[in-house]
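Trainee: Model the structure of this input:
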Amino acid sequence: MKSGALTSVKMPADWSVETILPIDFQGQELMLEAHAYRGESEEEQILALIHRDPVAANGSAMVPVVRVHSGCVTGDIFHSLRCDCYQQLKASLKIISEVPYGAIIYVPYHEGRGIGLFKKIQAYALQDQGFDTVEANIEVGAPIDSRDYGLTARVLRDLGMHEIKLLSNNPAKELALKQHGIRIAERLPLISEPNKFNKRYLDTKRARMAHKL
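Mentor: Numbers count the residues shown, from 1 in each chain. Down below sits the predicted model:
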């Protein structure tokens, strides 16, 4: 995990764009602000989806409820049962749509805790042989968790979200954001029911990565 949270980084003048994104969520139309960001490399891209209640949030200094979500092709798109990513994303969308001020910071290049899609599937194949998720990452020559939150923190600051209520079960994510200068007013849990495919994965996250599940 990198320190030096508040070091100055020169970003391109056109590092962000924004629009309004209407989405279909649970059978209803949900209008979200969409802010896309890119980092120093082309691979580093982030999408921030923001919900604001125009009446409740007008002129107030509310602390936003924020989910920093690592992209997961297998879970988020294909609803894989081997992880809890889709359940967490769906729950996060529901929560931010119900609070006056909330956001999802979607980080695609954090796939597989930062190891990428190919190595993640390699690790899955090893889990089929009996390795847990930590052992499998080590076996394929990947870190247990290589995610960096520097760009995420810069995005949050650009959005005026210097203090947030963090939707996460992961104390390491909370610590990383704090080290990058983001104040965490509260960490809110996102608990989903385990199934027969992800029970061991969740048990490993709890026992070996200190997730609060």
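Trainee: use CA for all of it now, contacts and neighbours both
Mentor: Will do.
Trainee: The spatially most central residue of the chain: helix or strand, and which one exactly?
Mentor: Centrality entry for the chain: nearest residue to the mean C-alpha point is residue 69, 1.5 Å, by C-alpha atoms, centre = their mean. Using DSSP states H and E, residue 69 maps to strand 65-70.
Trainee: Skip ahead from that strand and say which helix or strand is next.
Mentor: helix 85-98.
Trainee: hang on, the earlier thing: partner strands of the strand holding residue 69, parallel or antiparallel?
Mentor: strand 101-107 (parallel), strand 163-167 (parallel) (DSSP bridges).
Trainee: what's in contact with that strand?
Mentor: 89, 92, 96, 99, 101-113, 152, 164-168 (C-alpha atoms under 8 Å, 6 or more residues apart in numbering).
Trainee: who's in contact with the residue of the chain most remote from its centre?
Mentor: In the chain, the greatest distance from the average C-alpha position (C-alpha atoms, centre = their mean) is reached by residue 129, at 28.5 Å. Contact analysis of residue 129 by C-alpha under 8 Å, 6+ apart lists nothing.
Trainee: again, but for the one 4 residues further on
Mentor: Contact partners of residue 133, counting by C-alpha under 8 Å, 6+ apart, are 123, 124, 127, 201, 204.
Trainee: Would you mind giving both backbone torsions of it?
Mentor: For residue 133, the backbone dihedrals are phi -70, psi -30 (criterion: degrees, to the nearest 10).
Trainee: what's the spacing between it and residue 198?
Mentor: To residue 198, residue 133 is 11 Å away according to C-alpha to C-alpha, to the nearest Å.
Trainee: repeat for residue 27
Mentor: 27 Å.
Trainee: With residue 61 instead?
Mentor: 39 Å.
Trainee: Compare these two (neighbour count), which wins?
Mentor: residue 198 (16 against 8; other C-alpha atoms under 10 Å).
Trainee: got the contact list for the residue lying closest to the more buried one once chain neighbours are set aside?
Mentor: Among residues not flanking residue 198 along the chain, residue 82 sits closest, at 4.6 Å (C-alpha to C-alpha, 6 or more residues apart in numbering). By C-alpha under 8 Å, 6+ apart, the contact set of residue 82 is 75, 197, 198, 201.
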